[in-house]
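> Pasting the sequence and the predicted coordinates here, then a few questions.
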Amino acid sequence: MNELFLKNLETNNAVNLNESQVQGVTHKDGPLLLLATPGSGKTTVLNMRIAYLILEHNINPKNILNLTFSKMAAKDMENRFEMFFGDIIEEKIHFSTIHSFSYNIVRTFYQSEGLRYEILENRLENKSKILKEIFSIYNKSIITEDKLEELTNNISLIKNSMLSEGQIASKDYGITNFHQIYKYYENYKENGVPGIRLLDFDDMLVEAYNILNNDKLLLKKYREKYKYISIDESQDTSLIQHKIIELISMPLGNIFMVGDDDQSIFGFRAADPKYLLDFKKTYKDGKILKIQENFRSSQEIVNTANEFIKNNFNRYNKNMFTRNGKYKNIPVNGFENEKNQVKFIIENIKKENESHTIAILYRNNNSAIDIVNILDKESISFYIKDTNNKFFNHWVVDDVLNFFRLSFNDTKIDIFERIYTKCSSYVSKNHIESIKFMDKKVSVFENLSSIFEPSDYRIKTLDDIKNKFKKLNNLSPSQGIRYIREDLKYEKNLERICDTLGYSMDSVQSILNSLEMIADECDTIVDFANRLSYLKKLMNESHKNTKSNITLSTIHSSKGLEFDSVYIIDLNDSIIPSYEAINSNNNDLIEEERRLFYVGITRAKKNLYLNWVKEKGSKVYKKSLFINEIEKITNPDKYKVNDSKDIKQAKFGVSERFSNTLIKEGFIPEIGKEVVHRVFGEGLVMELTDEMITISFEKSGIKKLSRLLCDARNMLWDKTS
Ligand SMILES: Nc1ncnc2c1ncn2[C@@H]1O[C@H](COP(=O)(O)OP(=O)(O)OP(=O)(O)O)[C@@H](O)[C@H]1O
């Protein structure tokens, strides 16, 4: 029976499944976790298996619940299924996100109980608006866009990770009065609009979970309906989503979970590979099937990526391999600056075969700006996967334009009011207020000078700034930005602002660098402002260019995609791994960053270019420690002698300051050092703090031990001693 099905598959769809793919496709009952390495055809297997249930076992498609992570992925799955089986399976197979499935549960319940609810995001007074208001009630200030995002993410994390009240209360969220804001927000949704329960996106999950737990009849209905459940991209599923799936799938346990713990990159949305690692704890008779053959990439890429990801500890052990041929080595390019990096990529792209699909991938959306600027100048069309206008709407861009505006006309008090704290003018809000009623045709600097005593030091400063603004008016746009940054002391003031408001100075500087690059070929300030508006429009519209063979995307959004050539840019420490991960002392964050890098490199079929820059603006950057790890694999000779300690330390995100505490006389534990423990045997030191040492033991896994006890009992020593 199976053979006939598979033979038909082969003839009708030209798909020749390998042995483990066949095992996946023909799995019928019971829990199965299909652990798939990148490019191993997991989506293909998932689709074929649905067809197998329908065609071979006469399962009604209505009894199969197909879940995936995002709307886009659900649509893509539907299209792929239609392409393969559209002419033999009449019924449309529906793929849905876990959110929309949860919404279905909530709607059914509320309707049957005659209760009213509204989705907060659909209301005029939406989630952002409400949170902004609550923030200003508690903090008497306006929340910045970045902070609002942080606040929203934290609320989402709480729901998705199912944190208890105690856990919420004990955590510092880095937002002033977070706990009060959170409580107020939750209360507002319940009681703010009489007779209507307001639900935000994540409440949908919490409500669905609670409803299923409390309404046994409804739960029974769902269980009877969905006898088979398949979940794609399960590494991106949060705890509450896993719990909902678990509830529906019991007691039959016909759950087909497909995922790759090594591609779990949405920790900030509460996805955690831990849930996949716990599969057998949740589903006692669950089976794990690995599909590890990569059909996508060259041998060089597969072998390198396979070794690279083994630097992570929290993972299922897998061995990705390919029968594809060798193609090309993986070049690593370091550039003096961002400009040279962009130039190199564009020149290379021009030489590529026209039928090649090409991706330029980056960690941060802002990295796309320089590329877009040059691609447009070269009249090369491109497609952008995920645009956001954060760059063009950023306050730094506004500031720079305001500096220029004031240089045209220094009588504009409304403009000066927006930048007076950013150019070391030494005037206060009160001073500004007091000149608002003065002659509007007179320079703001002169009006300000007139309110001080003749001997006041500020008169000289104001005169100085006035002259600088005059000079600014005669400079070209790119010289002007440099002048604003240095001579008008904007950058110096930014440091203080970033410090107080919690912005990252690195990202602010990179915006200024991009502005300089855009300004480079503009003759006048008007040209520069027009160029900015034009680029904004271009980027907004480029998601329509789906036919272009060049894709620009963040690494996050490139998941699931493949290209002949992949250029990953800005591979620097502080970018990937992020500054937060490097300085966090938290190995989980570094591991997530490593997974992100892994997702990026496994998108390439033939050519993979790894690029980093030595300087951004005036700041020197280090190449990403992940590039070091890659070079260690591709060029082991270079690393034999000098197995740099700092690579290992950075790898685990732990600073050097802990490495001098003694455990055993003469023995200094270090990150990455091989050690022997009297009870647990051989292992590798992963983390060190003043009190604790975390070791990954060969036989007994990862353990966090007290340094004091190890020391007092002589439990630990260097393996080589
Ligand atoms: N048995 C097979 N023989 C040849 N090619 C295959 C086979 N199975 C899958 N492929 C091809 O391999 C490529 C990768 O497949 P797919 O996109 O399904 O992988 P994936 O596991 O979802 O990858 P990723 O996790 O990296 O997104 C696709 O081009 C697919 O057509």
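In hand now; what should we look at?
> can you pull the contacts of Leu4?
Leu4 is in contact with no residue at all, counting by C-beta atoms under 8 Å, 6 or more residues apart in numbering. Where you see a C-beta, it was placed from the backbone N, CA and C, and this is true even at glycine.
> who's in contact with Asn607?
Contacts for Asn607 were tallied using C-beta under 8 Å, 6+ apart; they are 327-328, 564-566.
> Around the ligand, pick out the residues from the stretch 1-150 of the chain.
Residues of the stretch 1-150 of the chain lying near the ligand by C-beta under 6 Å from any ligand atom: 15-18, 21, 36, 38-44.
> any chance you could map the strands in the stretch 151-300 of the chain?
Assigned by DSSP state E, counting those that start in this stretch, the strands in the stretch 151-300 of the chain fall at 197-199, 228-231, 255-259, 287-291.
> which of the contacts of Asn607 lies closest to Gln167?
Val566 (39.9 Å; C-beta to C-beta).
> what sits opposite the closest one in the beta ladder?
The residues listed as beta-bridge partners of Val566 by DSSP bridges are Ala359, Leu608.
> Please tell me which one of the contacts of Asn607 counts the most neighbours.
When neighbours are taken as other C-beta atoms under 10 Å, the top entry among these is Val566 (28 neighbours).
> That residue contacts Ile601, doesn't it?
Yes: under the criterion of C-beta atoms under 8 Å, Val566 is in contact with Ile601, at a separation of 7.4 Å.
> who touches both of those two?
With contacts taken as C-beta under 8 Å, 6+ apart, Val566 and Ile601 have Leu608 as neighbours in common.
> Worst mean pLDDT across the helices and strands of the protein, which element?
Ranked by mean pLDDT, DSSP states H and E, the helix or strand of the chain with the weakest confidence is helix 645-651, at a mean of 40.
> And the next helix or strand past that helix?
On the C-terminal side of helix 645-651, the nearest following helix or strand under DSSP states H and E is strand 674-677.
> buried stuff in that following strand?
By neighbour count with 16 or more other C-beta atoms under 10 Å, strand 674-677 contains the buried residues 675-677.
> can you redo the residues you listed as a markdown table with pLDDT?
As requested, these are arranged in a markdown table below (pLDDT from 0 to 100):
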| residue | pLDDT |
| --- | --- |
| Val675 | 87 |
| Val676 | 83 |
| His677 | 80 |
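> ok so, going back, out of the residues of the stretch 1-150 of the chain next to the ligand, show me where the pLDDT dips lowest.
Lowest in pLDDT among these is Val15, which has 74.
> Look up which helix or strand the residue nearest to that residue when sequence neighbours are not counted falls in, please.
Nearest non-adjacent residue to Val15, counting by C-beta to C-beta, 6 or more residues apart in numbering: Leu9, 5.6 Å away. Under the criterion DSSP H and E, the helix or strand holding Leu9 is helix 2-13.
> mind checking how far Lys492 is from Met505?
If you measure Lys492 against Met505 using C-beta to C-beta, to the nearest Å, the figure is 11 Å.
> count of neighbours near the residue of the stretch 151-300 of the chain found nearest the ligand?
With distances taken as C-beta to the nearest ligand atom, the stretch 151-300 of the chain approaches the ligand most closely at Phe295, which sits 3.3 Å away. For Phe295, the count of nearby residues is 16 (other C-beta under 10 Å).
> need the contact list for the residue in the chain that the ligand sits nearest to.
Taking C-beta to the nearest ligand atom as the measure, the chain has Gly41 as its residue closest to the ligand, at 2.7 Å. Residues in contact with Gly41, defined by C-beta under 8 Å, 6+ apart, are 17, 21, 291, 295.
> what does Val193 give?
Glu118.
> try it again with 10 Å
Remark: with contacts taken as C-beta atoms under 10 Å, 6 or more residues apart in numbering, Val193 is in contact with 116, 118, 123, 125.
> Can I get those residues in a markdown table including neighbour count and secondary structure?
Conversion of the contacts of Val193 to a markdown table gives the following (neighbours: other C-beta atoms under 10 Å; DSSP: H, G, I helix; E, B strand; the rest coil):
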| residue | neighbour count | secondary structure |
| --- | --- | --- |
| Arg116 | 11 | coil |
| Glu118 | 13 | strand |
| Arg123 | 14 | coil |
| Glu125 | 12 | coil |
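> how about the residues of the stretch 201-350 of the chain that lie near the ligand?
Residues of the stretch 201-350 of the chain lying near the ligand (C-beta under 6 Å from any ligand atom): 260, 263, 295-296.
> Could I get the residues you listed in TSV, plus columns for pLDDT?
As requested, these are arranged in TSV below (pLDDT from 0 to 100):
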residue	pLDDT
Asp260	94
Gln263	95
Phe295	95
Arg296	96
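> May I see the buried residues of stretch 161-172?
Neighbour-count burial for stretch 161-172 flags 162-163, 168 (criterion: 16+ other C-beta under 10 Å).
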